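A.B. asks: Fold the following for me, if possible:
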Amino acid sequence: MSTKIKELPELERPYEKLQWYGEKALSNAELLAIIIKTGTKQETSVQLAQKILNLNDTQSEGINFLRNISIEELMQINGIGKVKAIQLKAVGELANRMTMPNHYKKIIVKEPYDLAKIMMEELRFQKREIAKIVVLNNKNEILKIKDIAIGGSNFANLCIKDILEEPIKMKAPKIILVHNHPSGDATPSEQDIEFTNHLYDATALLGIQLLDHLVIGNKTYTSIFSKIVLETEK
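C.D. replies: Predicted structure coming up:
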């Protein structure tokens, strides 16, 4: 039978350690232990938390794997029931939202980086491709960001009709398409570039300006418009 948290010296207990030394003094396991609160008869909350961290099979993305882990995967650990799993998922979503601007409306997109920095933390750890439409006004201010497709691990099934539905409804003059590559490699595929060309033709017919199509990777991104221009100039 393991030592209980309350049997540890006071300043080695996660709650007290955070209170006296600050949150940065705690390990990932100790921080998770505070969230899950209790352990089992056999294991402390810290030991349970370490088992959660051991679910990360690659180690390459660090604790960020918790953003995408499922409730069912968490509940495979003895001692992690539905409530604890839901608490952990809620914390993961809070972490996602903390990296996003409080309010993206009125943010002006002057260059691809302006939008990439908004979308990066939300998309770079996703295990499935997610496509978003960014609707802008004539001043390039963001009016709305909307999910338009969620795919598998390789490609989100995009439909031009779905992309254009929102800007047509809002009578918006400009849009930017954004999607992620779960591999982390932001290099556009031939399919990405071909679809961008089709979308550009469709928007032109409707008097809507397609400003760009951004591909988000892990800490990197590619502007397809910039890529097309550079390849044309070679």
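
A.B. asks: all contacts plus neighbour counts: C-alpha atoms, from now on.
C.D. replies: Fine.

A.B. asks: Would you mind listing where this structure has pLDDT under the threshold?
C.D. replies: Low-confidence segments of the chain (pLDDT under 70): 1-11, 57-61, 99-103, 105, 152-156, 228-234.

A.B. asks: now do 50
C.D. replies: For the chain, the stretches with pLDDT under 50 are 1, 230, 232-234.

A.B. asks: what comes up buried for stretch 121-141?
C.D. replies: If you call a residue buried by 16 or more other Cα atoms under 10 Å, then stretch 121-141 has these buried ones: 121-137, 140-141.

A.B. asks: Which ones among those map onto helices?
C.D. replies: Under the assignment DSSP state H, the buried residues of stretch 121-141 contribute 121-123 to helices.

A.B. asks: picking that back up, mind checking which of the buried residues of stretch 121-141 are in strands?
C.D. replies: Among those, the ones falling in strands (DSSP state E) are 130-136.

A.B. asks: which residues pair with the residue nearest to L210 when sequence neighbours are not counted across the strands?
C.D. replies: The shortest distance from L210 to any residue other than its chain neighbours is 5.2 Å, reached at I175 (Cα to Cα, 6 or more residues apart in numbering). According to DSSP bridges, V135, L210 are recorded as the beta-bridge partners of I175.

A.B. asks: Please report the distance of I175 from R97.
C.D. replies: Between I175 and R97 the computed distance is 23 Å (Cα to Cα, to the nearest Å).

A.B. asks: what do you get for K171?
C.D. replies: When distance is defined by Cα to Cα, K171 is 28 Å away from R97.

A.B. asks: With A131 instead?
C.D. replies: With distances taken as Cα to Cα, A131 is found 18 Å from R97.

A.B. asks: And I163, by the same measure?
C.D. replies: The gap separating I163 from R97 is 24 Å, by Cα to Cα.

A.B. asks: So the two - more neighbours on which side?
C.D. replies: When I163 and R97 are compared for neighbours, I163 comes out ahead with 23 against 13, by other Cα atoms under 10 Å.

A.B. asks: which ones are touching the more buried one?
C.D. replies: The contact partners of I163, by Cα atoms under 8 Å, 6 or more residues apart in numbering, come to 133, 148.

A.B. asks: which outside residues touch the one helix or strand L214 maps to?
C.D. replies: Assignment of secondary structure by DSSP states H and E places L214 within strand 209-216. Contact with strand 209-216 is made by 112, 116, 119-120, 123-124, 173-181, 184-188, 196, 199-200, 203-204, 221-225, as judged by Cα under 8 Å, 6+ apart.

A.B. asks: Show me those residues that map onto strands.
C.D. replies: Within the contacts of strand 209-216, membership in strands is found for 174-180, 221-223, as judged by DSSP E.

A.B. asks: List just the nearest of these to V46.
C.D. replies: Of all the ones in strands among the contacts of strand 209-216, N180 has the smallest distance to V46: 34.4 Å, by Cα to Cα.

A.B. asks: State whether that closest one and E129 are indeed in contact, as I suppose.
C.D. replies: Yes. Applying Cα atoms under 8 Å as the test, N180 and E129 come out as touching, 5.5 Å apart.
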